[in-house]
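**Student:** Provided below for reference: sequence and predicted model.
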Amino acid sequence: LWELHCALKAKDKVKLSCVMPEPQLHGELPQAIYDPPAFLALLQSLSKVDVSKANASLLSDQQAILAAIEEEGRQEGYAGGGVAWLSTEIGLFLREWCVQTAVDTVAENEALMAKFGLLQSGHNLPLRQTISESLNAVGESGRALPLMEKCLELALAKHGPHHPCTIRTYGILGVTLVKLGQFDRALEIQQKRLKAVKVTPGKKDEWDTEYHVYTDLGDVYFAKGDGAKALECYEKAMPAAVALYGAESSQAGKTCTSLARAHQKMGALGKALPMYKEALRINLAAKGEMAYDTANAYFNIARCYLSLGQMGEAVEANKQALKIFAATRGEMSPTVADVCNNLGAVYATMGDSEQALKMFERSIAVRRVCYGPTHPTMAEPLINIAGQRARRGECDTALDLLMQAHAILVAGRGEEQPAVLTIYNSMGTIYVGTREFHKARETYMHSAKLHEAVYGVKHSETGDVYMKLSEVLHHLGEPQQAMETAQKALDIFRTTLGEQSIQTAAAYHRVGTVLIRGDQSAAALPYIMAAMDLYMKEAAKNPGANRDNLLNCINALASIHSRLGNHEAAKELFDKLLKLIHEWQSEGTQDRELAAVYMYMAMACDEGADHAGALQLHLRLLQRLLGTEESATATASASTASAGSVEGIFEMLTPALITVEFYQAVLRKQLDMEIAADAPTRASLLYLMGILHEHTLTFAEALPMYERALQLAERSVDGENGAGDVPQHPQAACMRTSLRLLCQRVASAIGLLQQAAQRRRNRQRGV
């Protein structure tokens, strides 16, 4: 064990070999290599190495060696210590040896066939096909690809394009290419397979049926992100599955799952969930509770619940899938890693960062054992962990994790693959969170180019990137570019997903928001109304879906009516918004939404000259955030208020400093609740506090408030292009004016005080 420890630490200097007993080498191992599920089970078994169970003649020797390995591992910084590291490394070595043995089996058999002049007979093709399937099953598609490419060359030369052997080769090669992200080649291969199946009489095995061909062809389109064409293929696969296997067969259940995934891809969650449930019903009847297909059905239902925002149901479905996969495939199986990753995403959405990280790290641990530390499947949980680290404010750590994932993925396949696009989008999100908008723009623009290369210009995934880029361009003070980019996203979604999709609603919402921010409320109105109409339709079909988007949309529409002078319409919408918040949110989660709505309503009332109403809403906000009762004095004052300006509202309060204390409390509460985490919002609040302090003649407090507000307003973008080019915060000009006037006011006061002092001195001197 100690020698293995030293050898694995010096891999570049020491060659390790593996010797297996004859019965296993010539019996069990070949049987596993030729049977994909058995080969996967073998590798999972070999991964369960625990070096702490190694025997020694003397117990003291065992303890001393293990202690030395553990200590040296800790000194080297290995996660979990030296014993855990050595267990993993030996398991990975054994895995690699088995995989290489499978690859070598092909070469050894073909060398033997060549010796007897049988290589051109075609008898080696089934061996290449079977071992390629085994390699695909254990995540080694990169090694399967050259085997299958040569296999196709030999099959075409020996049998032609329509022979069953060639059709099977097309199928396995197509699946291999999808796993490697080479979607266009996979599509070409599967289309050739479909053509061959249609002209070949008689069906011999699963590779020859239209059911299997349309299913695999749909999987290619799905992987490419083309939900509509995937759905078309799956719809053709369903009658073929029913005809071949029956309506209650597991194949019909699998096709139900495929159809549901395509609907979910297109945003039609209302159609996806019933189909997932139908797949679960069929699999329970056909296979029973403790079956792989049943677990997979629970797993897919959980993902749909996550998209619908039904987190409790998503957690339960994931846990059910995890229990079945762990019992049937083992705790260290790839399917367990997938469920842990999915469950982590649910916890992350629920805001439970601790549980999310625990699940993501478990997924990484399992995948590391199953595939090794540099396998492409390691990238997904790394990306997810990066997201949680960023949410905690550990942005540098998050970016490091994303770069690790990037290095793993591009090492063998280059940047033009979907997972790399996810990394760039995650990096852009982090840069937006840290207000580094110039870096965010560069990242999203690079991501957009890659999306166009991978998916094409007219694709929903490309539209999603344009949506993110539009928001960044707004923050950079480029309203025209932001508008054009948002419109481009809207055009893509309308073309690819249709007018009724949720992504189209979000694009309408984005265009409207950009117009509102550009003070074009009238132009924004039809976009916001279109978005709200789509959100309402989706909410009617799937209660709970897109609630936050709908609330934001109603809020935006109310603000538009307020700005356009339609104060009654604005009031009705705000009332509706408050009602929905009370209906949808639990008591503990209402503060954020209600605080924002009360603030907007107060602004709307003030714009409509209803200053008494504005004051009452401010006091309701105070009551909501601080848990206090409205002041009787303030309420009485509000009922008789008739001021015509913002300062008039402040004068209603007795004493006026109550309002100062109120905004200070709001600021503290917002910071605690992360309501106003973005700099522009916080800048506006500080500016209001400065106005209050100036009104109450506490200039020493007003001056730093104005300065901090202006500093935050100017910091709401990178500022890398020089101070003169920093885009304006909506109130930046007002802040500068207030700061200048306050300084002038203070200077005038100082001048008057100096004059008064001079007069006093003159009187004292009798002048």
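**Tutor:** Looks like it came in fine. Everything numeric here is computed off the predicted structure, so don't read it as measured data. Numbers count the residues shown, from 1 in each chain.
**Student:** quick check: closest non-adjacent residue to H474.
**Tutor:** Leaving out its chain neighbours, the residue that sits closest to H474 by Cβ to Cβ, 6 or more residues apart in numbering is A482, at 4.2 Å. For the C-beta atoms, the positions are set from N, CA and C on the backbone; glycine is no exception.
**Student:** please apply the same query to L557.
**Tutor:** Here the residue nearest L557, using Cβ to Cβ, 6+ apart, is I528, at 5.0 Å.
**Student:** next, that neighbour: phi, psi?
**Tutor:** The phi and psi torsions at I528 (degrees, to the nearest 10) take the values phi -70, psi -40.
**Student:** equivalent analysis for V14, please.
**Tutor:** phi -120, psi 130.
**Student:** my guess is it meets A7, correct?
**Tutor:** Yes. Between V14 and A7 there is a contact under Cβ atoms under 8 Å: 4.2 Å.
**Student:** the two: which has the busier surroundings?
**Tutor:** A7 (15 against 12; other Cβ atoms under 10 Å).
**Student:** just to check, the more buried one is in contact with L86?
**Tutor:** No. At 10.6 Å, A7 does not count as touching L86 under the criterion of Cβ under 8 Å.
**Student:** show me what the one helix or strand T176 maps to is packed against.
**Tutor:** In this structure, T176 sits in helix 164-179 according to DSSP states H and E. The contact analysis (3 or more Cβ pairs under 8 Å, 6 or more residues apart in numbering; DSSP states H and E) places helix 164-179 against helix 125-137, helix 141-159, helix 183-199, helix 210-224.
**Student:** in terms of secondary structure, what does the second one contact?
**Tutor:** Put plainly, it is helix 141-159. Judged by 3+ Cβ pairs under 8 Å, 6+ apart, the packing partners of helix 141-159 are helix 82-115, helix 125-137, helix 164-179.
**Student:** give me the contact list for it.
**Tutor:** 99, 103, 106, 120-122, 124-125, 128-129, 131-133, 135-136, 163, 165-166, 169-170, 172-173, 176-177, 179-180, 412 (Cβ atoms under 8 Å, 6 or more residues apart in numbering).
**Student:** what is the rounded mean pLDDT of that helix?
**Tutor:** What helix 141-159 shows for mean pLDDT is 90.
**Student:** in it, what's buried?
**Tutor:** 141, 143-145, 147-148, 151-152, 154-155, 159 (16 or more other Cβ atoms under 10 Å).
**Student:** ok, M332 to V366 distance?
**Tutor:** Computed as Cβ to Cβ, to the nearest Å, the M332 to V366 distance reads 5 Å.
**Student:** more neighbours: which of the two?
**Tutor:** V366 (26 against 20).
**Student:** go ahead and confirm the more buried one touches V336.
**Tutor:** Yes. Here V366 reaches V336: they are 5.7 Å apart, a contact under Cβ under 8 Å.
**Student:** using the three-state scheme, assign G477.
**Tutor:** coil (DSSP: H, G, I helix; E, B strand; the rest coil).
**Student:** give me the phi and psi angles of it.
**Tutor:** Here G477 shows phi and psi, under degrees, to the nearest 10, equal to phi 70, psi 30.
**Student:** what comes into contact with stretch 341-359?
**Tutor:** 299, 302-303, 306, 309, 311, 314-315, 318-319, 322, 340, 360, 363, 380-381, 384-385, 387-388, 391-392.
**Student:** mind redoing it with 7 Å?
**Tutor:** Contact with stretch 341-359 is made by 299, 302-303, 306, 311, 314-315, 318, 322, 340, 360, 363, 380-381, 384-385, 387-388, 391-392, as judged by Cβ atoms under 7 Å, 6 or more residues apart in numbering.
**Student:** returning to what we had before: return the members of the contacts of helix 141-159 classed as buried.
**Tutor:** Applying 16+ other Cβ under 10 Å to those flags 99, 103, 106, 124-125, 128-129, 131-133, 135-136, 163, 165-166, 169-170, 172-173, 176-177, 179-180 as buried.
**Student:** can you say which of the contacts of stretch 341-359 are buried?
**Tutor:** Of the contacts of stretch 341-359, these count as buried by 16+ other Cβ under 10 Å: 299, 302-303, 306, 311, 314-315, 318, 322, 340, 360, 363, 380-381, 384-385, 387-388, 391.
**Student:** okay, and which of those map to helices?
**Tutor:** 299, 302-303, 306, 311, 314-315, 318, 322, 340, 360, 363, 380-381, 384-385, 387-388, 391 (DSSP state H).
**Student:** residue ranges with poor pLDDT in the stretch 401-550 of the chain?
**Tutor:** Scanning the stretch 401-550 of the chain for pLDDT under 70 picks out the ranges 412, 542-547.
**Student:** which residues of it fall in helices?
**Tutor:** Here the stretch 401-550 of the chain has its helices, by DSSP state H, counting those that start in this stretch, at 418-433, 437-454, 460-475, 479-496, 502-517, 521-541, 547-563.
**Student:** mean neighbour count and distance to D208 added to those helices, as a markdown table?
**Tutor:** Output for these, formatted as a markdown table (neighbours: other Cβ atoms under 10 Å; distance: least, Cβ to Cβ, whole Å):
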| stretch | mean neighbour count | distance to D208 |
| --- | --- | --- |
| helix 418-433 | 21 | 30 |
| helix 437-454 | 20 | 31 |
| helix 460-475 | 24 | 33 |
| helix 479-496 | 20 | 33 |
| helix 502-517 | 24 | 38 |
| helix 521-541 | 19 | 40 |
| helix 547-563 | 21 | 47 |
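**Student:** Throw these into a markdown table and include distance to L94, thanks.
**Tutor:** Shown next, in a markdown table, are the helices of the stretch 401-550 of the chain (distance: least, Cβ to Cβ, whole Å):
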| stretch | distance to L94 |
| --- | --- |
| helix 418-433 | 27 |
| helix 437-454 | 36 |
| helix 460-475 | 39 |
| helix 479-496 | 47 |
| helix 502-517 | 46 |
| helix 521-541 | 51 |
| helix 547-563 | 49 |
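**Student:** quick one: least confident helix or strand in this protein?
**Tutor:** Ranking every helix and strand in the chain by mean pLDDT, DSSP states H and E puts helix 632-639 at the bottom, with a mean of 32.
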